[in-house]
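Chemist: predicted structure and sequence below. I'll ask about it afterward.
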Amino acid sequence: MLARGALLILFCLNLAAALWWGLHPPARAVPPPATEPGIPGLTLLAEAELADLPADAELAVAPTRMETTPVCLSVGPFDTPSALRRAVDALGGSVGKLQYREAQVQSTRGWRVFIPAAPSRGEALATARSLAAQGVRDYYVVTAGPGENTVSLGLFREQRNAEARLAEVRALGIEAVMEAASEERPQWWLEIAVAPDFDWRRPLGSGAWQARPIPCF
């Protein structure tokens, strides 16, 4: 009799717990704030500069009203957002319209000297041991990526230093090679509408910029 009563009480408790969980709305998890109140988040300098510069760049003064049919030019390149911003401010109200365009370009960041890829990891390691036996230092075996199983002999900013390293290892009978190391980076161009006789270089000052005609936008 006692056992039956205990089972009945246990059943009732389980039933009550199931009903509570089924009818009780789940609590909503509130994510913590990314920063403390009143403290701004981090923003990269390049992001901040470009965020302030819309595609149709906002000018400090009203654009010039074109009395004649304008010509349109693409002026640049500008290598940093800061240089782009300075150019926008310099041209100011001298142009009828101004916007910018971003392009990705390949640029040389130095020269690398290396031994071409061996057929296998074992042979690349054997080449490295041979280098060590001949007194060559500052090398490593590339174990992954496009240069897998090559033996790097250094990355040099100055071409003459790379050539000296190449001559050093070739004098030991090592068939090393040298090539330019490149990377992709952004550049910016200003597209402007100006009067046909407008001298765009004068407000920008000295710099290795160029201009080429483009269809008017």
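Modeler: Structure received. Residues are numbered from 1 along each chain as shown.

Chemist: what is the neighbour count of the closest residue to residue 216 other than its chain neighbours?
Modeler: Spatially, and ignoring its direct neighbours in sequence, residue 216 is nearest to residue 72 (4.1 Å; CB to CB, 6 or more residues apart in numbering). For every residue, glycine as well, the C-beta is placed using N, CA and C. When neighbours are counted by other CB atoms under 10 Å, residue 72 registers 16.

Chemist: one more: residue 192?
Modeler: So residue 192, with other CB under 10 Å, has 28 neighbours.

Chemist: quick check, it in contact with residue 200.
Modeler: Yes. Counting by CB atoms under 8 Å, residue 192 touches residue 200, with 7.0 Å between them.

Chemist: what touches both of these two?
Modeler: Common contacts of residue 192 and residue 200 (CB atoms under 8 Å, 6 or more residues apart in numbering): 73, 75, 91.

Chemist: does the last one really touch residue 203, like I thought?
Modeler: What that stands for is residue 91. Yes. If you go by CB under 8 Å, residue 91 and residue 203 touch, sitting 5.5 Å apart.

Chemist: so between those two, which is more surrounded?
Modeler: Comparing residue 91 with residue 203 by other CB under 10 Å, the one with more neighbours is residue 91, at 22 against 14.

Chemist: secondary structure class for that one?
Modeler: On the three-state scheme (DSSP: H, G, I helix; E, B strand; the rest coil), residue 91 is labelled helix.

Chemist: and it, how far from residue 175?
Modeler: 54 Å (CB to CB, to the nearest Å).

Chemist: ditto for residue 135
Modeler: 17 Å.

Chemist: what helix or strand is the residue nearest to residue 216 on?
Modeler: According to DSSP states H and E, residue 72 maps onto strand 71-78.

Chemist: all strands for this protein, in order.
Modeler: 71-78, 97-115, 140-141, 151-156, 177-194, 210-213 (DSSP state E).

Chemist: who's in contact with residue 110?
Modeler: Counting by CB under 8 Å, 6+ apart, residue 110 makes contact with 155, 156, 157, 162, 180, 181.

Chemist: contacting residues for residue 124?
Modeler: Taking CB under 8 Å, 6+ apart, one finds 117, 118, 141, 142, 149, 150, 151 in contact with residue 124.

Chemist: residues in contact with the second one?
Modeler: Translated: residue 118. 124, 126, 127, 149, 150, 151.

Chemist: can you tell me which of the residues you listed are classed as buried?
Modeler: Using 16 or more other CB atoms under 10 Å as the burial test, the contacts of residue 118 include 124, 127, 149, 150, 151 as buried.

Chemist: the third one reaches residue 128, doesn't it?
Modeler: No. Under the criterion of CB under 8 Å, residue 149 makes no contact with residue 128, lying 10.6 Å away.

Chemist: overlap of the contact sets of those two?
Modeler: With CB under 8 Å, 6+ apart, residue 149 and residue 128 have common neighbours residue 141.

Chemist: how about low-confidence regions in the protein?
Modeler: 1-68 (pLDDT under 70).

Chemist: helices of that one, residue ranges please.
Modeler: 2-23, 45-51, 81-91, 121-133, 159-170, 201-204 (DSSP state H).

Chemist: break the protein into its domains for me.
Modeler: For the chain, automatic domain parsing gives the domain ranges 45-107+185-213, 109-181.

Chemist: neighbours of residue 169, how many?
Modeler: The burial count for residue 169: 21, using other CB under 10 Å.
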